[in-house]
Structures are given as C-alpha cells and as structure tokens.
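Participant: Here is a sequence together with a model predicted from it:
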Amino acid sequence: MTPSNDIQIAAGPACPGCGTCMQQEHFENLTGGEVGVEICYPCCVIWFDSLESAQLAPGGVIELFKKIHVHRADVRHALPERMACPRCKQTLKLTNDIVKSGPVSYHRCVQNHGRLTSFFHFLREKEFVRNLTLRELSSIKERLAEVRCSGCGGPIDITQDTACGHCRAPLSVLDARAVEKTLEALAERKARGKDPVRIAVAMKEALLDDPARARARERRLAKAPDTDSWAQTTDLVLSGISAMVKAFRK
Ligand SMILES: [Zn+2]
Ligand SMILES: [Zn+2]
Ligand SMILES: [Zn+2]
C-alpha cells in the first residue's frame, strides 16, 4: 500500500518530494498583494510558481512561521535525490547561491515553472536563520547530545559535529534579532500591540534553556513518548519558531 497516494485530494499539485498533494497557502508579498504558494509540511518544502514570487513580505514570513508551528508534529520525510517539476515533470535542477547568512540551495524547473525551497533554506535566504554561536552550542550541549538537522531532518551528534554529516548544513537557529526587527516594523505599520522585545527575549530564553528545566521536560517525554514525538529530538530552528509563536500568543 502506498499511503502517499491515498490522501490525494483536490488541493495543490503533487509534492515533488513525496507525491502527496501540497497545501495551497496565501501570504502577503512585498508589493502589498498576495502570493499563492504550495507547501508540503511533511517534506518541509515550499513551491513558488515563479522566481519573483519568493518575495514574501516580512508579515508573510511571520504567518509562515505560524503555519510551520501548527504542523510541527507532522511526520517528517527526507527529500529524494531526484525530484520532478509539479508542472512539466522534468527533473528539477539543484541550484546553489551564496547570501549574507551563508550558502543556500533550491531546486528549480529548467522550463522556469518555479522552484522548490526547503523551509530552512528559505529562512536562511531571508536571513531569519543564523549559525549557532559557541556559547549557545555549549548551553545546548548541557542538555542534549543530539539535535535534528534543520536542513534535512537527519540527526547531528553535537558532541562531535557542528554541521550535518548528510547535507552539510551548519547547526542553525532562528535569529531572535531578525524576528524582533520584523515584528517592530510590523507593529509600526499595523499597530499590532505585540511587544517584539518580549518575544525576542522569550526566544532567547528557550534557546538557552535552564538545564534543570530541560531535564525535567525530557523525563516527562520519556514517560509519554508518543505525546509529542517532535520534541524528543530537537530541530533548533523549529524550536525557535515554536518559542516565537507561543510568545506571540501571550
Ligand atoms: Zn512532500
Ligand atoms: Zn517545469
Ligand atoms: Zn542535514
């Protein structure tokens, strides 16, 4: 049985990664309009129909964070080596770029139908993700031996490595300062009444978690392993997104 084919509903096109229907979502773009994108949450990828439509407005990126948070416990798929364009079925071409926050990659259609980007590389491109500092690394090592790669979902032994052995993505976190700046800009524009500084502080506290509190949480999880399997191995970028969204709601 192929479960991926059973849940095809009339939504978006098939995901190039796993073949299930992608979900159509709409976000604000840089010109004040809306951009429709297709997302596969289990594969953690976004399909943009054209290269230009990757220009989400900062508010659109915050909305994307909220959606990622909602789907945080979804089963995660690894992406296959070869993926086909959802429009023309030709093999997507792996494309590498360098941006301020480091190397980014995406898969694009050679016929220009669009591109497939992982959440991680999209956030890196938007400079919402940065490498882990040494201080953060030593704090995290006090409570975890392994984290999940934000790029491919594979395990990283943080006692040995500072990058993923599979996809080479460095240990990364959601940048609290970038989130704070974005929320500040949004608050000015829309008077949302959320305190960007408080949200950034909550994110930093979640990252530099108190070891005793973290151990207590791990003991809780060990007793009830199926309640939130996502939390058992930590993806630091997803943890940052969750900390942000939770602080946002308070
Ligand atoms: Zn997928
Ligand atoms: Zn195509
Ligand atoms: Zn990886």
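Facilitator: Right, received. Where do you want to start? Predicted model, so just to flag it, every value in this text is computed and none were measured. Residues are numbered from 1 along each chain as shown. Ligands and ions are numbered 1, 2, ... in the order given.
Participant: Would you mind giving the domain segments of the protein?
Facilitator: Per automatic domain parsing, the structural domains of the chain span 3-125, 130-249.
Participant: Just checking the first one against ligand 1, any contact.
Facilitator: Yes. Interface with ligand 1: domain 3-125 contributes Cys15, Gly17, Cys18, Cys40, Cys43 (Cβ under 5 Å from the ion). Where C-beta positions appear, they are placed from N, C-alpha and C, glycine not excepted.
Participant: how far does stretch 99-111 stretch from start to finish?
Facilitator: Stretch 99-111 has its terminal residues 24 Å apart, counting by Cα to Cα, to the nearest Å.
Participant: how far does it sit from the chain's center?
Facilitator: In terms of Cα atoms, centre = their mean, to the nearest Å, the centre of stretch 99-111 is set 15 Å apart from its chain centre.
Participant: same check, this time on stretch 100-112
Facilitator: Relative to its parent chain, stretch 100-112 has a centroid offset of 16 Å by Cα atoms, centre = their mean.
Participant: Contacts for that stretch, please.
Facilitator: Stretch 100-112 has contacts (Cβ atoms under 8 Å, 6 or more residues apart in numbering) with 16, 50-51, 83, 85, 87-88, 90-98, 114-118, 121, 124-125, 127, 129-131, 170.
Participant: let's see it at 6 Å
Facilitator: 83, 85, 88, 92-97, 115-117, 121, 124-125, 127, 130 (Cβ atoms under 6 Å, 6 or more residues apart in numbering).
Participant: Give me the pLDDT value at the spatially closest residue to Glu136 that is not a sequence neighbour.
Facilitator: Among residues not flanking Glu136 along the chain, Leu207 sits closest, at 6.1 Å (Cβ to Cβ, 6 or more residues apart in numbering). Leu207 is assigned 78 on the pLDDT scale.
Participant: Report the contact partners of Ala57.
Facilitator: Glu28, Asn29, Leu30.
Participant: Select only the buried ones of those residues in PyMOL?
Facilitator: To isolate the buried members of the contacts of Ala57 in PyMOL, using 16 or more other Cβ atoms under 10 Å:
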select buried, resi 28+29
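Participant: Can you tell me the strand partners of the helix or strand harbouring Gly36 and which way each runs?
Facilitator: Here Gly36, judged by DSSP states H and E, is contained in strand 34-40. Paired neighbours of strand 34-40 in the sheet (DSSP bridges): strand 23-28 (antiparallel), strand 45-48 (antiparallel).
Participant: can you tell which of those strands is closest to ligand 2?
Facilitator: Nearest to ligand 2 among these is strand 45-48 (10.6 Å), distances taken as Cβ to the ion.
Participant: Can I get the contacts of Ala57 in JSON lines including pLDDT and distance to Pro196?
Facilitator: Shown next, in JSON lines, are the contacts of Ala57 (pLDDT from 0 to 100; distance: Cβ to Cβ, whole Å):
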{"residue": "Glu28", "pLDDT": "88", "distance to Pro196": "18"}
{"residue": "Asn29", "pLDDT": "85", "distance to Pro196": "22"}
{"residue": "Leu30", "pLDDT": "83", "distance to Pro196": "20"}
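Participant: element containing Asp97?
Facilitator: Applying DSSP H and E as the criterion places Asp97 in strand 93-99.
Participant: For that strand, enumerate the helices and strands it packs against.
Facilitator: Packing partners of strand 93-99 (3 or more Cβ pairs under 6 Å, 6 or more residues apart in numbering; DSSP states H and E): strand 102-108.
Participant: pLDDT averaged over the strand it packs on - what is it?
Facilitator: Averaged over strand 102-108, pLDDT sits at 88.
Participant: just stretch 151-171 next, same as before
Facilitator: Summarised as a single mean, pLDDT over stretch 151-171 is 89.
Participant: Also stretch 67-82?
Facilitator: Predicted confidence along stretch 67-82 averages 86 (mean pLDDT).
Participant: wait, what's in contact with Glu127?
Facilitator: Lys100, Ser101, Ala178.
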